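>>> predicted model and sequence below, questions to follow.
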Amino acid sequence: MVIITFPDKETEKKAIGWLLGRFSGKFLKSGDHIVPETAVEALAEQNFVFSVKGKATYEQQMAALRSVSAPSVQRRSRHPRRAAR
């Protein structure tokens with residue numbers, strides 16, 4: 001996974017639109033995006049302009065995975081067991 005940025009919002013919107021559904025990744029509000037190396041190659045083939053900041057650290061990758069919220073789980077209420085008849 002590598003961290004990339006785009007030079008402007010217009011390019012960023014087009015590139016993210018193209019990436020969605022093709023590659024996994026984390027798109028951050030700061031303008032940094034964590035994507036796999038294959039996504040970088042594909043963006044270059046599509047002539048998108050971007051800068052590579054470097055490899056994402058393990059902590060950054062795990063933070064990206066942890067930020068995805070899991071659906072809430074509803075627990076059943078505890079009722080005393082009924083006596084068998």
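Arrived safely, thanks for sending. Residues are numbered from 1 along each chain as shown.
>>> when you work out contacts or count neighbours from here on, use the C-alpha atoms and nothing else.
OK.
>>> got the buried residues for whichever strand or helix holds A42?
Using DSSP states H and E, A42 sits within helix 37-45. Neighbour-count burial for helix 37-45, with 16 or more other Cα atoms under 10 Å as criterion, is recorded at 39-40, 43.
>>> for those, which one is nearest W18?
W18 has its nearest neighbour among those in L43, at 8.6 Å by Cα to Cα.
>>> bridged to the most centrally placed residue in the chain, which residues?
Among the residues of the chain, the one closest to the centroid is K26, at 2.4 Å (Cα atoms, centre = their mean). Assessed by DSSP bridges, K26 has beta-bridge partners I34.
>>> and E12, what does it touch?
Applying Cα atoms under 8 Å, 6 or more residues apart in numbering, we find E12 in contact with 5-6.
>>> can you read off the pLDDT for it?
Predicted confidence (pLDDT) for E12: 91.
>>> show me what counts as buried in the host helix or strand of it.
Remark: E12 resides in helix 9-19, with elements defined by DSSP H and E. Buried residues in helix 9-19, counted by 16+ other Cα under 10 Å: 12, 15, 19.
>>> can you give me the offset of that helix from its chain's centre?
Taking the mean of its C-alpha atoms, helix 9-19 sits 14 Å from the chain's own mean (Cα atoms, centre = their mean, to the nearest Å).
>>> what about the protein, any weak spots by pLDDT?
Applying pLDDT under 70 to the chain flags residues 63-85.
>>> rerun that using 90 as the cut-off
In the predicted model, the chain carries pLDDT under 90 at residues 1, 16, 20-31, 56-85.
>>> distance to K55 for the buried residues of helix 37-45 - can I get that in a markdown table?
Formatted as a markdown table, the buried residues of helix 37-45 follow (distance: Cα to Cα, whole Å):
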| residue | distance to K55 |
| --- | --- |
| A39 | 13 |
| V40 | 12 |
| L43 | 16 |
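>>> which residues are contacting the helix holding A42?
Against helix 37-45 from outside (Cα under 8 Å, 6+ apart): 1-2, 15, 19, 23.
>>> this completes my enquiry, with thanks.
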